[in-house]
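Participant: A predicted structure for the sequence below; I have some questions about it.
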Amino acid sequence: MPDAALVADALRGDRTAYGALAMRYRSAMIRTATAVVGVTEAEDVVQETLLRGYVKLRDLRDPSAVGAWLLSAVRNAAVEVRRRGARGGALRLPLAAEGEGVEEGDVLERERRLARLRECVERLPEAYRAVVSLRHTDGMTCAQIARVLRKPLGTVTSTLSRAYGMLREGGIHEGGTDAV
C-alpha cells in the first residue's frame with residue numbers, strides 16, 4: 001500500500017496503518033539515529049520519534065513524503081540527544097553483501113579495512129558523518145539525502161565530496177574498500 005494511503009488511514013484512526021509505516025521505515029530510522037548517537041541510544045531515539053510522529057501526523061504536508069519526514073525527524077531528535085551529552089557507539093557498515101562469496105583469508109583483511117573505515121568515519125564532523133552514513137549505510141541518493149536533511153542538493157554533494165576528501169586524508173580511498 002502506498003505511503004499516502006497509509007497516512008490517510010492512520011489519520012482516520014487506523015493504528016495498524018501507522019504501524020505499517022513505522023515498520024517500513026524503522027530500519028532506515030535506526031541506521032540514521034545510529035550514525036548520530038550510536039547503537040546504544042538509537043532505539044530510544046527512534047521509538048520517541050515514532051511516538052511524536054504519530055501525534056504530529058496531521059502536520060505532515062505531503063503524505064507521500066512520510067518516509068523523508070520520519071527520517072528528518074529522527075535525525076533531528078538524534079542530534080538533540082547528542083547535544084545533551086549522549087554518547088554512542090560506532091557507525092555500523094555492512095561487512096559483505098548478501099550472497100557475496102568471500103574467501104576466508106580475505107575476511108580478516110576486509111574486516112581490518114572496515115574497522116579502519118569506521119574509525120575514520122566516526123572522527124568526521126557530525127554533518128559529514130551523517131551524509132556518509134545516509135549515502136553508504138542507508139543507500140540513499142544525494143537527492144534523497146537533500147530531502148531528508150532539508151539541504152540543497154549542491155550542499156549535500158559538496159559535503160559528501162569533502163567527507164571523501166577527509167577520509168582519503170585519513171588513509172581511506174574510494175577504491176580501497178567496498179564501503180566507500
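Facilitator: Received, thanks.
Participant: show me what contacts the closest residue to residue 8 other than its chain neighbours?
Facilitator: In space, and not counting its chain neighbours, residue 8 is closest to residue 63: 6.5 Å by CB to CB, 6 or more residues apart in numbering. For every residue, glycine as well, the C-beta is placed using N, CA and C. By CB atoms under 8 Å, 6 or more residues apart in numbering, the residues touching residue 63 are 3, 4, 7, 8.
Participant: cutoff 10 Å now
Facilitator: 2, 3, 4, 5, 6, 7, 8, 10, 11, 21, 57, 69 (CB atoms under 10 Å, 6 or more residues apart in numbering).
Participant: tell me how far the third one lies from residue 11.
Facilitator: Think residue 4. 11 Å (CB to CB, to the nearest Å).
Participant: do the last one as well
Facilitator: Residue 69 sits 14 Å away from residue 11, going by CB to CB.
Participant: what residues are shared contacts of the two?
Facilitator: 57, 60, 63.
Participant: okay, these in TSV with pLDDT, secondary structure and distance to residue 42 next?
Facilitator: Shown next, in TSV, are the shared contacts of residue 69 and residue 11 (pLDDT from 0 to 100; DSSP: H, G, I helix; E, B strand; the rest coil; distance: CB to CB, whole Å):
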residue	pLDDT	secondary structure	distance to residue 42
57	90	helix	22
60	89	coil	23
63	91	helix	26
